[in-house]
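S.K.: sequence unknown, structure follows:
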Ligand SMILES: NC(=O)c1ccc[n+]([C@@H]2O[C@H](COP(=O)([O-])OP(=O)(O)OC[C@H]3O[C@@H](n4cnc5c(N)ncnc54)[C@H](OP(=O)(O)O)[C@@H]3O)[C@@H](O)[C@H]2O)c1
């Protein structure tokens with residue numbers, strides 16, 4: 001048997017041309033899919049350390065640490081939100097928001113007026129709609145979501161408490177789907193949002209929803225910013241991009257693009273990847 005590995009490599013960096021592009025507008029102007037038929041294109045984005053951490057325990061739950069987060073990635077996160085018809089968020093996020101310890105408001109952030117304007121120029125609401133996914137319906141919907149003109153969709157269990165549902169409906173939410181047990185599947189999420197007319201759906205949630213989407217092939221694209229920095233963390237006190245049972249069939253992704261961002265120098269370097277799910 002021939003054990004010689006494939007011997008062709010692609011030297012992506014340093015690049016021979018030495019050409020560069022601006023970060024601002026990179027994801028805003030990139031051609032992106034819109035799904036097909038009634039199945040939306042679903043994507044997620046994570047910033048990670050070199051050792052794969054997306055968040056560390058901060059005493060009030062896990063947070064993206066300041067040693068990994070940075071304004072350039074934040075801009076791209078917002079640009080991806082500007083491209084979405086609908087965001088996916090979680091019940092946990094809304095509980096943290098109500099407790100005053102969430103990372104930030106849902107995008108598009110108030111400081112990104114250019115992105116809100118860009119959406120308006122495309123005939124869109126300045127803010128994408130929101131799908132809230134929860135195994136309990138135990139959260140509060142902030143008034144800002146309705147004030148921002150978003151439609152708010154609920155994915156909650158069949159046995160969700162009636163008074164909780166009424167409260168959410170009073171806050172402007174509509175039930176998109178109710179599912180048996182505590183876990184909606186990626187397929188149900190995707191198909192329901194497609195049937196509601198959405199073509200581009202952006203998960204801004206964390207590793208559990210990423211697992212839900214990846215497990216049954218419902219995540220089409222993963223955007224990943226990898227900061228060239230190792231941050232460590234005690235076992236159980238950090239999160240990675242996916243959390244849940246091992247995948248019987250590993251999910252394979254194909255590199256669509258890779259940018260090197262030198263930042264302000266060592267410690268600030270990162271790479272920006274777009275990875276598309278391999279299907280079939
Ligand atoms: N570094 C990064 O780029 C990045 C990006 C995003 C998030 N994060 C981090 O990830 C962490 C968690 O984020 P997150 O809470 O938004 O997301 P998450 O861990 O994906 O979602 C957690 C919650 O979502 C609900 N949920 C998840 N899968 C479900 C399913 N299949 N069916 C029904 N409900 C489901 C549950 O809500 P209920 O508890 O209400 O049942 C669960 O508690 C945070 O620490 C955040 O900072 C990091």
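M.R.: The structure has been received and is ready for your questions. Model, not experiment: these values are computed from the prediction. Numbering: from 1, shown residues only.
S.K.: going forward, measure contacts and count neighbours with C-alpha atoms only.
M.R.: Fine.
S.K.: so does the longest helix seen in the chain get close to the ligand?
M.R.: For the chain, the longest helix by residue count, based on DSSP state H, is helix 71-82. No. For a cut-off given as CA under 6 Å from any ligand atom, helix 71-82 has no contacts with the ligand; the smallest distance is 8.4 Å.
S.K.: Name the next helix or strand following that helix along the chain.
M.R.: Note on helix 71-82: by DSSP states H and E, the next helix or strand toward the C-terminus is strand 86-90.
S.K.: what are the pairing partners of that following strand, and which direction each?
M.R.: strand 129-133 (parallel), strand 200-203 (parallel) (DSSP bridges).
S.K.: got a list of contacts for that strand?
M.R.: 81, 128-134, 198, 200-205, 209 (CA atoms under 8 Å, 6 or more residues apart in numbering).
S.K.: That strand and the ligand in contact?
M.R.: Yes. Interface with the ligand: strand 86-90 contributes 89, 90 (CA under 6 Å from any ligand atom).
S.K.: Next, the buried residues of that strand.
M.R.: 86, 87, 88, 89, 90 (16 or more other CA atoms under 10 Å).
S.K.: Hey, what's the angle from it to helix 71-82? Just curious.
M.R.: 120 degrees (axes from the mean of the first three to the mean of the last three CA atoms, to 10 degrees).
S.K.: Which elements pack onto the worst-scoring helix or strand of the chain on mean pLDDT?
M.R.: Within the chain, judged by mean pLDDT, DSSP states H and E, the helix or strand with the poorest mean is strand 62-63; its value is a mean of 86. Helices and strands touching strand 62-63, as assessed by 3 or more CA pairs under 8 Å, 6 or more residues apart in numbering; DSSP states H and E, comprise strand 55-57.
S.K.: Direction included, what does the strand it packs on pair up with?
M.R.: For strand 55-57, pairing defined by DSSP bridges yields strand 62-63 (antiparallel), strand 238-239 (antiparallel).
S.K.: Now do it, average pLDDT.
M.R.: The pLDDT scores in strand 55-57 average 93.
S.K.: where does that strand sit relative to the chain's centre, distance-wise?
M.R.: 17 Å (CA atoms, centre = their mean, to the nearest Å).
S.K.: Just the residues contacting it, thanks.
M.R.: 48, 62, 63, 64, 65, 233, 237, 238, 239, 240.
S.K.: How about the residues of the stretch 101-250 of the chain by the ligand?
M.R.: The stretch 101-250 of the chain comes close to the ligand at residues 133-138, 182-185, 204-210, 212, as judged by CA under 6 Å from any ligand atom.
S.K.: buried subset of those residues?
M.R.: Counted by 16+ other CA under 10 Å, those give 133-138, 183-185, 204-210, 212 as buried.
S.K.: Just those residues: which are in helices?
M.R.: 207, 208, 209, 210, 212.
S.K.: Reformat those residues as a markdown table; add pLDDT.
M.R.: Compiled in a markdown table, these are given as follows (pLDDT from 0 to 100):
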| residue | pLDDT |
| --- | --- |
| 207 | 97 |
| 208 | 98 |
| 209 | 98 |
| 210 | 98 |
| 212 | 98 |
